[in-house]
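Trainee: I'll drop the sequence and a predicted model, then ask my questions.
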Amino acid sequence: MTAQLERVEPVLAVRRPRARRVGRRRGRLISPAVVVLTLVTALSAFPLYFMLVMASRPNSDITSVPPPLTPGGELFHNIDRVLSNPDITFGKAVVNTLLVSGVATFSVVLFSSLAGFAFAKLRFVGRQPLLGFVLLTMMVPIQLGLIPLYMLMSKLHLSGTLPAVTLPFLVSGFGVFLMRQFVVQALPDELLEAARLDGASILQTFWYVVMPVLRPAAAVLALLTFMERWNDFLWPYLVLDLDHPTVQVALSRLAGGYYTDQALVMAGTLLGVLPLLVVFILFGRQIVGGIMEGGIKS
Amino acid sequence: MSTLTGTPARQRRTPRAGRGSQGSRGEQAAGYAFVSPFFVVFAIFGLFPLLFTFWVSLHDWSLLGGHTWSGLDNYRKLLDDDHFWNALVNTLGIFVLATVPQLLMSLVLAQLLNQKLRARTLWRMGVLLPNITSIAAVGIIFTLLFARDFGLVNWLLGQVGVDPVAWQQHRWSSWLAISTMVDWRWTGYNALIFLAALQAVPRELYEAAEIDGASPAKQFRHITVPMLRPTIVFVSLVSTIGGIQLFTEPLLFNSGANAITGGTTRQFQTLTMYVYEQAFTGQAFGYAASVAWVMFAVIAVIGLVNALLIRRLRGVA
């Protein structure tokens, strides 16, 4: 903690107003917080590392005792076996998931921006109760309605197909709430007033004035939505047929006991996790920010 | 926790209040048009299925279309259904086993993350990493870690002289393994929620405590926990809603053709698994719907209690 070593303890009188700099841990090299956090991060990462190890080993290594803890040389061979397995159709699953997640993400961002803007800036009768209702929907356990939802999809002849897992997720209460918070914080009334004086319609104002301001929040919402869709399990598992798997459903089939080939299963799991890992490494700051922002709702 | 959501908007509106508190006709129309996509989609695919579940639960209902009114028969049957009670006990047991340590750990973690740290974002990403892993992947990886004959957990236990555990076989061990999966995925996420709330706590409180010689443990007990109480209630509520619907982890923990029963003696079958089993392997839609509706009622009651708690805490503050 060199930063703290450099900080010479100020005279007591000066310290009061700048109380942020209480240098109690001065002189200690590593704070206990850092030690514990390092440990926690290691625990966070270990199962994923373990997955990588197992995905890079021949299947015969999986059952060896003690379990292997270093990567082997079979990673690309195992990945190749996953991709070429005709029962799993992993490539198809990836395309399906990209489609489903992409459409839902686009829709959630668009409709959340519209509604968030309306709730923050437009005055209409019943605005507060409607907003309260949106907040309530975030608490409602939607998955308990899956029996009628299944019937509904059968009636619409959508059972088994991709629209069945896309349609219910075209909007999100969380998204509406997040965008509303952001509009309240980031969009000054003066900007809207100026647009109005220039004769812009409300739709034009939304598109040319509001959306550009919302871009950072829209990006965060897009990231969170995409990850949630990519990882969704129960509903796709229930409603999709064998011809239309998503990645998570394909994984559950892979692991479902028909294969005792754990190296294959782990390589598939790695492939399923990898895209989000890349997204996370690239946009970790935004994702962390979005979750913390959403958490202040309480 | 500081903001009641309505307030900031209302404050902002005041300067324009001269034009009347409601917008022009065009503004009204745009308001409704902009929020309607949310409400239309939610009504069809969210609210309707939820409410219709109750209607289905009052019938003998099979997918092929036939259904006859049966009143409260399904609910009466529930009372005598051992498998239902078993699933209820499992769900609550796993929930408590997972949630109590998880909330404690995430509170401690939040306080650690709230220290002055270099590379703050990296630490936060570190604790969030499990949460971006899909539940399916978590289930698959941990099932391998908990394998009886060659799993890493049993090997580690062996190093300290503990005999290998057949994790799937007993109630306590399967609950423990499933709780571990839940906690691994959610502790860091909740820590970030707590951290967000913690950042609103005035630093002066901690500094004053430190000057008075209060240990970190004392600071945690006497500052962090009381100041975060509304957030703790909120996170408990969200964890409860999630916990009662637990499905994927126990499903994947028991691979094979009968995965949905949660073990040979149903030792880790949860309520959602039971709903699924009744509806989609047993074709008993009406009965499954009654289980789902009971779950909804439980969640609604817990939600209400939480809301009252939060209101009271706000009143105190």
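Mentor: Received, thanks.
Trainee: Just confirm A:Lys92 is within a strand.
Mentor: No - counting by DSSP: H, G, I helix; E, B strand; the rest coil, A:Lys92 is not part of a strand but helix.
Trainee: Can you check the pLDDT for it?
Mentor: Here, the pLDDT recorded for A:Lys92 equals 94.
Trainee: Against chain B, how distant is it?
Mentor: 17 Å (Cβ to the nearest Cβ, to the nearest Å). C-beta coordinates here come from the backbone N, C-alpha and C atoms, glycine included.
Trainee: In contact with that residue: list those residues for me.
Mentor: A:Pro245 (Cβ atoms under 8 Å, 6 or more residues apart in numbering or on different chains).
Trainee: Residue ranges in the stretch 51-200 of chain B under the pLDDT threshold?
Mentor: B:65 (pLDDT under 70).
Trainee: quick one: the helices in it?
Mentor: Listed in chain order, the helices found in the stretch 51-200 of chain B under DSSP state H, counting those that start in this stretch are B:73-79, B:82-113, B:120-132, B:135-145, B:152-159, B:171-198.
Trainee: Can you say which of those helices is packed in most?
Mentor: Across the helices of the stretch 51-200 of chain B, averaging neighbours per residue (mean count of other Cβ atoms under 10 Å in any protein chain shown) puts helix B:135-145 on top, at a mean of 25.
Trainee: ok so, going back, a markdown table for the helices of the stretch 51-200 of chain B, including distance to chain A?
Mentor: Output for these, formatted as a markdown table (distance: least, Cβ to the nearest Cβ, whole Å):
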| stretch | distance to chain A |
| --- | --- |
| helix B:73-79 | 12 |
| helix B:82-113 | 5 |
| helix B:120-132 | 3 |
| helix B:135-145 | 4 |
| helix B:152-159 | 5 |
| helix B:171-198 | 3 |
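Trainee: possible to save these as JSON lines with distance to A:Pro275?
Mentor: Output for these, formatted as JSON lines (distance: least, Cβ to Cβ, whole Å):
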{"stretch": "helix B:73-79", "distance to A:Pro275": "42"}
{"stretch": "helix B:82-113", "distance to A:Pro275": "27"}
{"stretch": "helix B:120-132", "distance to A:Pro275": "10"}
{"stretch": "helix B:135-145", "distance to A:Pro275": "12"}
{"stretch": "helix B:152-159", "distance to A:Pro275": "26"}
{"stretch": "helix B:171-198", "distance to A:Pro275": "18"}
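Trainee: Out of those, which is closest to A:Ile88?
Mentor: A:Ile88 sits nearest to helix B:135-145 of all those, at 13.5 Å, using Cβ to Cβ.
Trainee: Who are the packing partners of the closest one?
Mentor: helix A:32-55, helix A:247-254, helix A:262-295, helix B:171-198, helix B:248-253 (3 or more Cβ pairs under 8 Å, 6 or more residues apart in numbering or on different chains; DSSP states H and E).
Trainee: Recalculate using a threshold of 6 Å.
Mentor: Secondary-structure packing of helix B:135-145 (3 or more Cβ pairs under 6 Å, 6 or more residues apart in numbering or on different chains; DSSP states H and E): helix A:247-254, helix A:262-295, helix B:171-198, helix B:248-253.
Trainee: following the last one, which helix or strand comes up?
Mentor: Meaning helix B:248-253. Note on helix B:248-253: by DSSP states H and E, the next helix or strand toward the C-terminus is helix B:271-276.
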